[in-house]
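In: When you get a sec, could you give me coordinates for this:
(chains A and B, ligands or ions: 1)
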Amino acid sequence: MRVALFVPCYVDQLYPRVAMATLDLLEQQGLDVEFPEAQTCCGQPMLNSGCDQDALPLADRFLDIFSGYDAIVAPSGSCVSMVKNHYAHLVHEDARYETIRTRIYELCEFLVDVLKIESLPVKFPYKVGLHSSCHGLRELRLASDSELNAPSFNKPLQLLEMLDGIEIADLKRKDECCGFGGTFAVSEEAVSCTMGRDRVADHLQAGTQVLTAGDMSCLMHLAGLIRRDKQPISVMHIAEILAGYGVPQ
Amino acid sequence: MSAVKSYDHPTNADRFNKDQSRTHWHDSALWFIREKRDRMANSLPEWETLRACASQIKSHTVSKLADYLEEFERNATARGATVHWAKDAEEHNRIVLEILQKHQAKRIVKSKSMLTEECHLNPWLDKHGIEVVDTDLGERIVQLREEPPSHIVMPAIHLKKEDVSDTFHEHLQTEEGNCDPNYLTESARQHLRQKFVQADVGITGVNFAIAETGGFVVCTNEGNADLGVSLPKVHIACMGIEKLIPKVDHLSIFLRLLARSATGQPITTYSSHFHGPVEGGELHIVLVDNGRSKLMDSDDFRNSLKCIRCGACMNTCPVYRRSGGHSYAATVPGPIGSILNPLRDAKHHKSLPFACTLCGSCSDVCPVKINLHEQLLTLRSEVNRQKQLPVSKTMPMKIASWVFQRPKLYAWLGGIGKFFLRTMPRFLIYNGLNPWGRNREMPESPPESFRKQYAQRKKSQKSER
Ligand code: SF4
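Out: Alright, predicted model coming up:
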């Protein structure tokens, strides 16, 4: 299986450890993984700002770069959903799109649905709070949400529960948005920060030691608040935990 | 706390968030209702089937709206009602005024109609010397305060009982500082009873109009719609043209969904059916378009006409809960309002599609399955197409797109950016120009990007071989 690693631009620049953990994790599963170096950004910031014309050339590039792989895996539900769901408006006439759409996976989804892994040789003796990032939750359906009356499941949680010694924090609001929302974090700064602080407060009451999620963007926002308010919570992307990386001090 | 004047959601929301304890109180009050709604939705195994049915019925109705409207008019007329058509708010107001003048009506009681709010009927009638009293308790409270409702189902949800006590003390001469909800409700009831007895005409909204029978249903919890129209002989019902359902058989689906979604009740306390005028009286039905048929032509936004105004999308919206309804500066706030208002007037409401994190909760909560958050995303491009976005917002995206199309340039600029982030003095990063940094720390910048580390790793793997 030819697997391509898709690394969101801000992860590439600001969180290389997350991308490296993703790569390690996939290689630990015996996969041959390539990182196509011409990749930059999927165009989500442009589309979400109403600038679909500026997102279009990036979507075209994405198809150029990632066509031909058997699977495209990214440590971000949001960027995967951009390609899987929102490219439909931009490049639906491109014949390659239909194939790409069915071959792109968020990391946890790939591990659970495609590789069907059942165990991970990792010891993680911490109380972990899982933040369900919205796009993964409601656009990729990585877990069931509290709005729908449907059988409950949670793929990221399923993976975390494989770890040795882990304890899962019990949140009062299991799937509320953290308030990041891309440019929303800046244009609606007040609401964004109130939302983020509310999420952190929920984790504090639940005794979270390590806060994790499948999207680094949510975590960047929450970590920014945690560090500003000097809260006793560490933040790690789920790839780092699953790959057996240590808790950053 | 007075109604917010600015059309800019961030500005209004920022002001609302200044009082954090109030923001949290508002959030908890609505979250409480959202949780009640969850329990109710989960208690019905057929919940998702109901939603699917409701959604299909509404889609179908919207696709044949003109036919169903004619059927409704025929049947309503046969039952003795007079049907009026209004293309916009002005025409609606004129029609209502004419009916009132014909009957020399001076005192009107009105029950829960967001449509008359949308058309600004109250100030218009006021101008013509006609007193209109909103009889819904929440509506009456905001009316006394001269504020617009902040929610379509719970118009005074932004007010604490202390606020209500102050308002009633000022207008209804209740005891100062008495915040006992029973006392306050009883005082309002006494005051309203007088208004009911004196009223010449009753105005109501419409929750569901049934094409097949020409009748309609009004759902309330206080029974005030019944009272308002049973004493006076003239009843005017004002409805948006999208309120239609084809058959009376469909009604039960919607009644089951509406109250559960709105307040977590199994059904509203009163679901009053009206089929023609009372004996010796008159029933007027005003069908209002006011921009709705324009939506019918749009593949992207037609879906929003399915809305049954339950307010669930507001209760679930994490942004609405933390910015209050008034921050939307619109009759219908929250997710659905953020679609309907910019489509009517992009210039004034251009900030609304952006008052959203695209979390998608509204789409999953909506009982008629409107793809709200997807429409909000599409609407952003539409607002841009209408040239309503400032260059300060569009230019950075143009530049970023240009850079991202050039991977070498991107990698080089990324390196420079990280270098500055690491080495710049704090005051250059954290200042008024950086809204990220007011409340949050910036990410710590690593020495090297992933692509650089990856290239090095590949090189060393090769030399090992
Ligand atoms: S959009 Fe859906 S959830 Fe919102 S008010 Fe309308 S019917 Fe209710």
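In: tell me which element the residue of chain A at minimum distance from the ligand is part of?
Out: Taking C-beta to the nearest ligand atom, the ligand has its nearest neighbour within chain A at A:Glu147, 10.2 Å off. All C-beta atoms are positioned from the backbone trio N, CA, C, and that covers glycine. Assessed by DSSP states H and E, A:Glu147 sits outside every helix and strand.
In: give me the number of residues near residue 247?
Out: Because you didn't say which chain, this covers chain A. Other residues lying near A:Val247 total 13 when counted by other C-beta atoms under 10 Å in any protein chain shown.
In: that's the wrong chain, I wanted chain B
Out: Using other C-beta under 10 Å, the number of residues around B:Lys247 comes to 12.
In: Report the contact partners of the closest residue to it other than its chain neighbours.
Out: What sits nearest to B:Lys247 in space, not counting adjacent residues and going by C-beta to C-beta, 6 or more residues apart in numbering or on different chains, is B:Glu212, at 4.7 Å. Shown in contact with B:Glu212 (C-beta atoms under 8 Å, 6 or more residues apart in numbering or on different chains): B:71, B:75, B:246-248.
In: B:Glu212 belongs to a helix, doesn't it?
Out: No. Per DSSP: H, G, I helix; E, B strand; the rest coil, B:Glu212 lies outside any helix segment and is coil.
In: Please report phi then psi for it.
Out: For B:Glu212, the backbone dihedrals (degrees, to the nearest 10) come out as phi -60, psi -40.
In: And it, how far from B:Ala330?
Out: Using C-beta to C-beta, to the nearest Å, we find B:Glu212 at a distance of 33 Å from B:Ala330.
In: picking up where we left off before, what pLDDT is listed against the residue of chain A closest to the ligand?
Out: Reading off the confidence values, A:Glu147 has pLDDT 98.
In: What is the neighbour count of it?
Out: A:Glu147: 21 neighbours (other C-beta under 10 Å).
In: nearest spatial neighbour of it, skipping sequence neighbours?
Out: Nearest residue to A:Glu147, sequence neighbours excluded (C-beta to C-beta, 6+ apart): B:Asp364, at 3.8 Å.
In: is chain A contacted by the longest helix belonging to chain B?
Out: The residue-count maximum for a helix in chain B (DSSP state H) belongs to helix B:20-43. Yes. With C-beta under 8 Å from any C-beta of the partner chain as the criterion, chain A is reached by helix B:20-43 at B:20, B:23-24, B:27, B:31, B:38, B:41-42.
In: out of those, which are buried?
Out: Buried members of the residues of helix B:20-43 next to chain A, scored by 16 or more other C-beta atoms under 10 Å in any protein chain shown, are B:23-24, B:27, B:31, B:38, B:41.
In: Can you lay out those residues as TSV showing distance to A:Gly246 and pLDDT?
Out: Putting those into TSV (distance: C-beta to C-beta, whole Å; pLDDT from 0 to 100) gives the following:
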residue	distance to A:Gly246	pLDDT
B:Thr23	38	98
B:His24	36	98
B:Asp27	36	98
B:Trp31	36	98
B:Asp38	38	98
B:Ala41	42	97
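In: List just the nearest of those to B:Leu65.
Out: Minimum distance to B:Leu65 across these is 28.3 Å, recorded for B:Ala41 (C-beta to C-beta).
In: right, and that closest one touches B:Arg260 too?
Out: Yes. Assessed by C-beta atoms under 8 Å, B:Ala41 is found in contact with B:Arg260 at 6.2 Å.
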